[in-house]
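Student: What shape does this take:
(chains A, B and C)
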Amino acid sequence: MSWKLVTTGAALAVAATALAGCAGGATSSDGRTVLTVSIDPGLDKGAVAAFTSRVKQFETANPGIDVRTEEFKWDATTFTAKLAGGTLPDVFTLPFTDGRGLIQRRQVADISGLVRALPYFSAFSPQIAKAGEAEDGGMWAVPISAYGQALHYNRSLFTQAGLNPDNPPSTWDEVRADARQIAQRTGQAGYAEMTTDNTGGWILTTLDYAFGGRTEQLAGDQAKSTVDNQQLVDALGTLHTMRWDDNSMGSNFLYDWNGINQDFAAGRIGMYVSGGANYGSLRAQNAIKPADYGVTTLPLVGKNAGVLGGGTLAAVSASAADQVKAAAVKWIDFYYMRKQTDQAAAVADAKTTADSGEVVGAPELPVFDKAQYDRRMGWISQYVNVPVKQMAPYTDKMFDQPLVPEPTKSTQQVYALLDTVVQKVLTDRDADINALLADAQRQAQTLVDRG
Amino acid sequence: MTVTADKPAVTTHTRPPVRRRRRSPATWVRGGGLGALVFLLPMLVVFTAFSWYPIVESVVMSFQQTNLITAPVFVGLDNFRAVLTDPLLWTAVRNTAWFALLALLFGFPVPLVAAVLMSEVRRWRGLYSALAYLPVVIPPVVAVLLWKFCYDAGPNGVFNTMLRAVGLGPLPWLQDSSSAMVSLVVEATWAAAGGTIIIYLAALTSVSPDLYEAAEIDGASVWGKIWHVTLPQLRGVLLITFILQIIGTAQVFLEPFLFTGGGPAHATTTILLLIYDYAFAGTLGGDYGSATALSVLLALVLAVFSALYFRLTRGWGTS
Amino acid sequence: MNRGLLSSYDWRRPVVRRTARTLHAVLLGLLFLAGLGPVLWLAKSAITPTQDTLRDPLALFPHGIDLSTLATAWTRVQIDHYFLNTVLLAAGSWLVQIVVATTAGFVLSVLRPRYRHVVSAVVLATMFVPSIVLLVPMYLTMVHLSLLNTFWAVWLPSGASAFNVLVVQRFFANLPGEVFEAARVDGAGAGRLFWSLVLPMSRPVIGVVSVFAVIASWKDFLWPMLVLPDPSAQPLSVRLPALQPFVELDVFLAALAISTVIPVVLFLVFQRLFLRNDALSGAVKG
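Tutor: Presented below is the predicted three-dimensional model:
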């Protein structure tokens, strides 16, 4: 009877598909080691072509390795599910903040031995190297890029408002004054701030550092949350004034990282704080007009002030076999690191990137030291396609600013608490900043204690 | 299209009565038992895998800590304790109750009035129905994204422009703790009212005209008829839609998630959003124990509420 | 005579007639505004340039129409791809639901084994469990079976609908038992009963279940978002919010408009099916 065939067939189909899901093995059919590497999702055809050609170069140089690519975007929430389900690429990237937690929980592979063998291992800037280190000092994840926070501004809006785009604000009072002028003369938001998806806490911590405060104090292994420090009160006070007295912060206070980038690129925001290398995203994802873009250093206040630093790590999936780990470190070396240390690689990478229309030369911080950075900039100077002069206010001074790492304990959860604080300050005129911070402090300490 | 309902519920045996056979596996198979089981297989497999087993597993997980990599650890009532002492829980409960209350306020009388009016429309009822139902047909995600844009709090936001045309000031809509939830409820009501109207309309058109004639003989006015005939006849439907609405709004997720992400400052964080945050938005592998614990608690509360509700209203419905 | 609340006498009274007519007119106006208004505004804004929509959202094409937004939405934003995903997800879910509901209803109402009451009760019980309770365990099941990013992760759970089973069961129970008895006496087994007798007679209930299944699938958001993290596998409902930060406003609104066209058109064409079935659901619930 036909129904029997139908049901049996369906059952077999389900079983087959389920089994097929458990695909993958460390060796391909021709005996080569299979290495799955990550590629950013949503890239346009030019960027994909550039990546593919780099892959081919690697395979030519390493005939025993078969590289497969898989779209991967770091997502803290689905990472564990991907790991458990075995759908992580062998090599993937993640931000500094999340790296520490993963390493602690052994959710990435221990590649410290292989990394130590790399020729430039001892040249990593110690501050930056810490982001990828385990407790014993071994490097489990390789820092491949670093950045510091910066103040981005829209040159066209500055001009429209009667401000000089080559003379961006250098103190918070100037930021406030310029924001007011932009809001009054152009009707757009003079200054905007991220407030959701933990970015609120991220930027608030940035402002705290810029005002000279710290949200966490470490004493050996113990941590004390100091979220209610006076500098953060001052920073929130500045935001409150801009929002309620000057009305210079526009009318959207629920921005996340993507949303604020989009509105900035569309010319609806005069100034905002974000990662220094943001220009690449603004160009690739939000189609910003290069002539509109300007960036300057974050105004620092007081002697303890510093710039919050972040960066990206490259790690290897904890479930990778040994031969895959070795291949993975080779790939990390080839694709991510060589362009920093080896002239030929740097030039090749810059050329393919520029040829595909992508950004070369966005202001990053050196993973090694300034000397190496300057050397690298020299190598690729002819391919740099960013408006270098417009970035001068930042690049001229970025090395002079002290770099401060993000807080280490329960970072994202404390950021989530601070999201609520900044949202409240920006949406409720009568928000009691001291009370809000005291409450956040209490909750943060509980989180930090729980580890 | 169903066949007449006076079919007896039990199939009468047309075979002459037989000796009671011993029930053996062979008898069972020969009697068609195997065929029945095979046909039941799709339902059994799907329900076991995606309904019964997950329910049981949810309860089990609420007593465990799971991180997907290592084996789950039994932690007794810790998850429940953690959930009940989370200050956000009470915010979420309050917000959910507020949403449910507002949704009832907007979403109950309005469709009723509209349905009563529509039941008296002679010729163009189809047009009325279609227009009322149109918002229901728009995919919810599209509706929310559309309204989100219209809720722009700037002076040129769509709704603020409309308000300006009648001389009212710009409203903060989603950007203010007090108006955010109201904004959500307005959109949710708009999207759901059409379905409720159609249900009420069906119930209204099934009210027997004799009842109205009897009331008229007794001298009832139009209002009197509504009060003494229409509403009582609708009692059954009203009771059902009420409890369904409560259960539905207790689980609101899409609107707070897409409109505000729970903000500003947790003004629109609902219980479902909290469960989602526990399970999927916490960093690096969620707190599945807390998420399932809260789900179980919510299910229990709704079950108790429904049981009480049905007991209390047992005598109220129409026969 | 077909009358409702108002009798023919009521209608003849001028007060009643005027009040009723006024109220009806007001209601119609409100329905136009609330029902058709948003759809028309979306259609208009989909082909209006971003700046016009931002500066003067209610104006009618101050600087002319920009039809290219529709093309851009279709090609660059690849609405066609996500639309196809939505259709495939709906089709698979529909099939799973039909198979599960018809076979289960068939067994419970036609074959009637001795254990049918137990099965019915257990199925009914699940209707009272809020679906959120299932979310985490089902998600973890998908993780462990490596079904994340496959359509099966959406198709299979959709079949676990107690509502479908009950509706079909009730419908089958109302079918004429004599026909089945006669077929049985003639030696028909369960398969023949199902395929040649029950299914052909169940077109109406299959229609009802289908409408609900397709609508539910089209609206589904949270579950597809969780089990289809890979953007290329996502349906429109999941992709549209994720896309918003990366496309200009006019293209985004065009994408929203395109996503609305099919459901609205289907509704207008099959109105009676939609509207009658909501009444049916009301009757079933009552």
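Student: number of nearby residues for A:Pro387?
Tutor: Taking other Cβ atoms under 10 Å in any protein chain shown as the neighbour definition, A:Pro387 ends up with a count of 17. Bear in mind the C-beta positions are built from the backbone N, C-alpha and C, glycine included.
Student: so who does it touch?
Tutor: A:Pro290, A:Ala291, A:Tyr293 (Cβ atoms under 8 Å, 6 or more residues apart in numbering or on different chains).
Student: From those residues, list the buried ones, please.
Tutor: Among the contacts of A:Pro387, those classed as buried by 16 or more other Cβ atoms under 10 Å in any protein chain shown are A:Tyr293.
Student: Could you count how many residues lie near C:Ala43?
Tutor: Using other Cβ under 10 Å: C:Ala43 sits among 16 other residues.
Student: Which pLDDT value goes with it?
Tutor: Per-residue confidence at C:Ala43 stands at 92 (pLDDT).
Student: wait, doesn't it sit right on C:Ala257?
Tutor: Yes: C:Ala43 is within contact range of C:Ala257, at 5.7 Å (criterion: Cβ atoms under 8 Å).
Student: could you pull out the strands for the stretch 51-200 of chain B?
Tutor: Using DSSP state E, counting those that start in this stretch, the strands assigned to the stretch 51-200 of chain B run over residues B:64-65, B:73-74.
Student: and those strands as a markdown table, adding mean neighbour count, mean pLDDT and distance to chain C?
Tutor: As requested, the strands of the stretch 51-200 of chain B are exported to a markdown table (neighbours: other Cβ atoms under 10 Å in any protein chain shown; pLDDT from 0 to 100; distance: least, Cβ to the nearest Cβ, whole Å):
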| stretch | mean neighbour count | mean pLDDT | distance to chain C |
| --- | --- | --- | --- |
| strand B:64-65 | 18 | 89 | 11 |
| strand B:73-74 | 10 | 90 | 15 |
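Student: quick one, which of those is nearest to B:Leu145?
Tutor: Minimum separation from B:Leu145 across the strands of the stretch 51-200 of chain B (Cβ to Cβ) falls at strand B:64-65, 36.7 Å.
Student: Name the nearest residue to C:Glu248, sequence neighbours excluded.
Tutor: Taking Cβ to Cβ, 6 or more residues apart in numbering or on different chains as the measure, C:Glu248 lies nearest to C:Thr50, with 5.3 Å between them; neighbours along the chain are not counted.
Student: circling back: could I get the strands of the stretch 51-200 of chain B in CSV, plus columns for distance to B:Phe39?
Tutor: Rendered in CSV, the data for the strands of the stretch 51-200 of chain B read as follows (distance: least, Cβ to Cβ, whole Å):
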stretch, distance to B:Phe39
strand B:64-65, 37
strand B:73-74, 40
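Student: Of all these, which one comes closest to chain A?
Tutor: Judged by Cβ to the nearest Cβ, the one of the strands of the stretch 51-200 of chain B that comes nearest to chain A is strand B:64-65, at 12.5 Å.
Student: Neighbouring strands - and their directions - for the closest one?
Tutor: Next to strand B:64-65 in the sheet, as set by DSSP bridges, lie strand B:73-74 (antiparallel).
Student: Touching the strand it pairs with from outside, list them.
Tutor: B:Phe63, B:Gln64, B:Gln65, B:Thr66.
Student: Excluding chain neighbours, what is closest to the last one?
Tutor: Taking Cβ to Cβ, 6+ apart, and ignoring the residues beside it in sequence, B:Thr66 has B:Pro72 as its nearest neighbour in space, at 4.3 Å.
Student: how near is the one you found to A:Gly101?
Tutor: Between B:Pro72 and A:Gly101 the distance, using Cβ to Cβ, to the nearest Å, works out to 20 Å.
Student: the more surrounded of the two?
Tutor: Neighbours were tallied for B:Pro72 and for A:Gly101 using other Cβ under 10 Å; the higher tally belongs to A:Gly101 (19 against 15).
Student: Is there proximity between the helix or strand where the more buried one lies and chain B?
Tutor: Element membership of A:Gly101, judged by DSSP states H and E, is helix A:96-104. Yes: with Cβ under 8 Å from any Cβ of the partner chain as the measure, helix A:96-104 is seen reaching chain B through A:Asp98, A:Gly101, A:Leu102.
Student: Buried residues, that helix. List them.
Tutor: Taking 16+ other Cβ under 10 Å as the basis for neighbour counts, the residues of helix A:96-104 that come out buried are A:Phe96, A:Thr97, A:Asp98, A:Gly99, A:Arg100, A:Gly101, A:Leu102, A:Ile103.
Student: Contact partners for the fifth one?
Tutor: By Cβ under 8 Å, 6+ apart, the residues touching A:Arg100 are A:Ala131, A:Thr408, A:Thr411.
Student: Filter those down to the buried ones.
Tutor: Taking 16+ other Cβ under 10 Å as the criterion, what is buried in these is A:Ala131, A:Thr411.
Student: So among the contacts of A:Arg100, where is pLDDT lowest?
Tutor: For the contacts of A:Arg100, the weakest pLDDT value sits at A:Thr408, with 81.
Student: Name the nearest residue to that residue, sequence neighbours excluded.
Tutor: Distances taken as Cβ to Cβ, 6+ apart put A:Arg100 closest to A:Thr408, at 6.2 Å, once the chain neighbours are dropped.
Student: what's the answer for A:Leu83, then?
Tutor: Across the structure, with Cβ to Cβ, 6+ apart as the measure, the residue nearest A:Leu83 apart from its sequence neighbours is A:Gln107 (6.1 Å).
Student: Repeat that for C:Leu42.
Tutor: Nearest to C:Leu42 is C:Ala257, by Cβ to Cβ, 6+ apart, at 5.1 Å.
Student: ok, now B:Ala193?
Tutor: B:Pro111 (4.9 Å).
Student: Return the subset of the contacts of A:Pro387 lying in strands.
Tutor: When DSSP state E is applied, the contacts of A:Pro387 are split such that A:Tyr293 fall in strands.
Student: Now render the contacts of A:Pro387 as TSV, adding distance to A:Val37 and pLDDT.
Tutor: What follows is the contacts of A:Pro387, written out as TSV (distance: Cβ to Cβ, whole Å; pLDDT from 0 to 100):
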residue	distance to A:Val37	pLDDT
A:Pro290	30	93
A:Ala291	35	94
A:Tyr293	31	96
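Student: of the contacts of A:Pro387, closest to chain B?
Tutor: Proximity to chain B was ranked across the contacts of A:Pro387 by Cβ to the nearest Cβ; first place goes to A:Tyr293, at 23.5 Å.
Student: The closest one and A:Gly280 touch, don't they?
Tutor: No: with the criterion set as Cβ under 8 Å, A:Tyr293 and A:Gly280 do not qualify as a contacting pair; they are 11.2 Å apart.
Student: I am finished for the moment; much appreciated.
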